[in-house]
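Participant: okay, here's the prediction I keep looking at, along with the sequence it came from:
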Amino acid sequence: MSLTVSAFLDQLKAAPGTELRFEYATAQFVPKAYHITEIKNVHVESVDCGGRPDSYDQTIVQLWIKEGELAERHMSTDKALKIFDIVERMKPLKPDSPIFFEWGTQELRTSVYAVDNIVGDEDLLTFQLKAPAPVCKPALEVLELATEGESCGPSGCC
């Protein structure tokens, strides 16, 4: 599942006042006292191993917790929307860009996670996250070509 900024915000708006929770591994949640400390509009310019240039946008939401800080509840969807509104006024968001969440601790290496699933009930809106694996774009194209009956060199990079 790939979630865009606008789809994420729509989920928050559809659940006003609900606690917003992030599950970064099975039954492992970002602690209730987390803060959204930064929302990054990222423009990526790249060249793959096949020599093809690419460019794309993504949005990264940084989650952080002050060591030792405790909270009784997760951040509400309303508070998260207020943070996004502040950012939107200063640095307009890219609504169609995929959204990712950056999270880590001293014990857990910081990673950028994609949304894998969304689970909601009347009290909690949970975004289940996963760390996306690296992808070799030329190799993916080779697989597509192979299914169409064409082939490419043994390196996988055409």
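Facilitator: Perfect, I can see it now.
Participant: just say helix, strand or coil for Lys79.
Facilitator: For Lys79, the assignment made with DSSP: H, G, I helix; E, B strand; the rest coil gives helix.
Participant: how much space between it and Pro138?
Facilitator: Lys79 is 43 Å from Pro138, where distance means C-beta to C-beta, to the nearest Å. Yep, even glycine has a C-beta here, placed from its N, CA and C like the rest.
Participant: neighbour-wise, which of those two wins?
Facilitator: Higher neighbour count among Lys79 and Pro138: Pro138, with 18 against 15, using other C-beta atoms under 10 Å.
Participant: torsion angles phi and psi at that one?
Facilitator: Main-chain torsions, Pro138, degrees, to the nearest 10: phi -60, psi -40.
Participant: any idea how far Ala27 is from Lys66?
Facilitator: 23 Å.
Participant: tell me the SS of the most centrally placed residue in the chain?
Facilitator: The centroid of the chain falls nearest to Phe100 when counting by C-alpha atoms, centre = their mean (1.5 Å). The assignment at Phe100 comes out as strand when based on three-state DSSP.
Participant: bridged to it, which residues?
Facilitator: According to DSSP bridges, the residues that bridge with Phe100 are Ile60, Ala114.
Participant: give the contact list for it.
Facilitator: Phe100 makes contacts with 58-61, 112-114, as judged by C-beta atoms under 8 Å, 6 or more residues apart in numbering.
Participant: what's the spacing between stretch 12-30 and its chain's center?
Facilitator: In terms of C-alpha atoms, centre = their mean, to the nearest Å, the centre of stretch 12-30 is found 13 Å from the chain centre.
Participant: tell me which element Gly17 is part of?
Facilitator: Under DSSP states H and E, no helix or strand contains Gly17.
Participant: for Gln11, see how far away it is.
Facilitator: 14 Å.
Participant: quick one, which of these two is more surrounded?
Facilitator: Ranked by neighbour count (other C-beta under 10 Å), Gly17 and Gln11 place Gln11 first, with 18 against 10.
Participant: and Glu45, helix, strand or coil?
Facilitator: Strictly by three-state DSSP, Glu45 counts as strand.
Participant: wait, doesn't it sit right on Ser55?
Facilitator: Yes. With contact defined as C-beta atoms under 8 Å, Glu45 reaches Ser55; the gap is 4.7 Å.
Participant: what pLDDT, on average, does stretch 116-132 get?
Facilitator: Averaged across stretch 116-132, pLDDT comes to 94.
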